[in-house]
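> got a sequence here, can you model it:
(one chain, ligands or ions: 1)
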Amino acid sequence: MRRFFWGVVVTLLILIALPLVLLGTGVFNMAATEGPGALETTLATWTVDRSVKVRAPQEISPVKDDPAAVEAGMVHYRAMCLQCHGAQDVQQHEFAQGLNPPPPDLAAAGKDWSDGELFWITKHGIRMTGMPAFGKSHSDEEIWQIVAFLRKLDNLSASQVAALREGEEAGHHHDHDAHEAGNQEAVAGHDEAADRAEPREAGGEDRLSEVEGETPYQR
Ligand code: HEC
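Residues are numbered from 1 along each chain as shown. Sure, this is the predicted structure:
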């Protein structure tokens, strides 16, 4: 009996120690330039899929097909998603080409998910990938607006494409103030960031300016 006990203990120690020794050799290449193997891709994709599916809300979007929500969602998309995900005839930003895993084309990838799942992913992000959680800086209402726009990504009008490209959605700013009336500090912080972004935006070039205004770290 005693022998059996020690056998179990030693086996467990080896089971724990071996992987640690393996990791300690540095055998795993964590470089973003190194693609994952087939096993990792399959396992990780499945893990994310299950994780999202058991947590996502079942409800249908409260702003489904509402044109005003789609329009508001587009402004958010341009400010916060376009850099990585791109859109029809709009290139992703250069830095996004170095992300691993790569940000997928959401016009196609969005079809794999329900509204609630898109909402959950946008709100909570996907850990250990470049996909940020937008729930830290955005209300549920704003996230539903983004989801409403994601549904239109596969069929953008010429003017929507032009607006995404040029960053010149006339009269629209990435404005959170209306939704954050209760949070004076955030409103003040955002105003400041928006003001800074204004002149650069007028140049029509620097799409990142609004994203900078978006990060909680600037507040
Ligand atoms: C900094 C880059 C970056 C930004 C900005 C970004 N994403 Fe992502 N996103 C990613 C990456 C990388 C993935 C792939 C994650 C993976 O493979 O599991 C991803 C995955 C997703 C997915 C899951 C797609 C799928 O089928 O795997 C959705 C939905 C999504 N993003 C929506 C958004 C929305 C909406 C925004 C803006 C509010 C946004 N993303 C902004 C990098 C980004």
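> what's the longest helix in the protein?
In the chain, taking DSSP state H as the definition, the longest helix is helix 2-24.
> any idea which helix or strand comes after that one?
helix 38-55 (DSSP states H and E).
> how about that following helix: buried residues?
Neighbour-count burial for helix 38-55 flags Val48, Val52 (criterion: 16 or more other C-beta atoms under 10 Å). Heads up, the C-betas are built off the backbone N, CA and C, glycines and all.
> does that helix reach the ligand?
Yes - using C-beta under 6 Å from any ligand atom, helix 38-55 reaches the ligand at Val48.
> okay, the residue nearest the centre of the chain: pLDDT?
The residue lying closest to the centre of the chain (C-alpha atoms, centre = their mean) is Met131, at 3.7 Å. What the model reports as pLDDT for Met131 is 98.
> what are the phi and psi angles of it?
phi -80, psi 110 (degrees, to the nearest 10).
> I'd say it and Leu106 touch.
No - taking contacts as C-beta atoms under 8 Å, Met131 lies outside contact range of Leu106: 11.0 Å.
> quick check: which ranges of this structure have low pLDDT?
167-219 (pLDDT under 70).
> quick one, helices of it?
Under DSSP H, the chain gives helices at 2-24, 38-55, 67-80, 82-85, 106-109, 115-124, 140-150, 158-166, 184-202, 208-214.
> can you list the residues that contact the fifth one?
Residues external to helix 106-109 that are found in contact with it (C-beta atoms under 8 Å, 6 or more residues apart in numbering): Cys81, His85, Ala87, Gln88, Leu150, Leu153, Asp154.
> which of these has the largest number of neighbours?
Leu150 (27 neighbours; other C-beta atoms under 10 Å).
> now it, nearest residue through space, not along the chain?
Gly110 (4.9 Å; C-beta to C-beta, 6 or more residues apart in numbering).
> would you reformat the helices of the chain as TSV and include distance to Glu94?
Formatted as TSV, the helices of the chain follow (distance: least, C-beta to C-beta, whole Å):
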stretch	distance to Glu94
helix 2-24	33
helix 38-55	24
helix 67-80	17
helix 82-85	9
helix 106-109	19
helix 115-124	23
helix 140-150	23
helix 158-166	16
helix 184-202	17
helix 208-214	11
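> stretch 130-147 near the ligand anywhere?
Yes - contact of stretch 130-147 with the ligand (C-beta under 6 Å from any ligand atom) involves Gly130, Met131, Pro132, Phe134, Ile146.
> surely the last one meets Tyr77?
Just to be clear, that refers to Ile146. Yes - contact between Ile146 and Tyr77 holds when scored by C-beta under 8 Å: they sit 6.1 Å apart.
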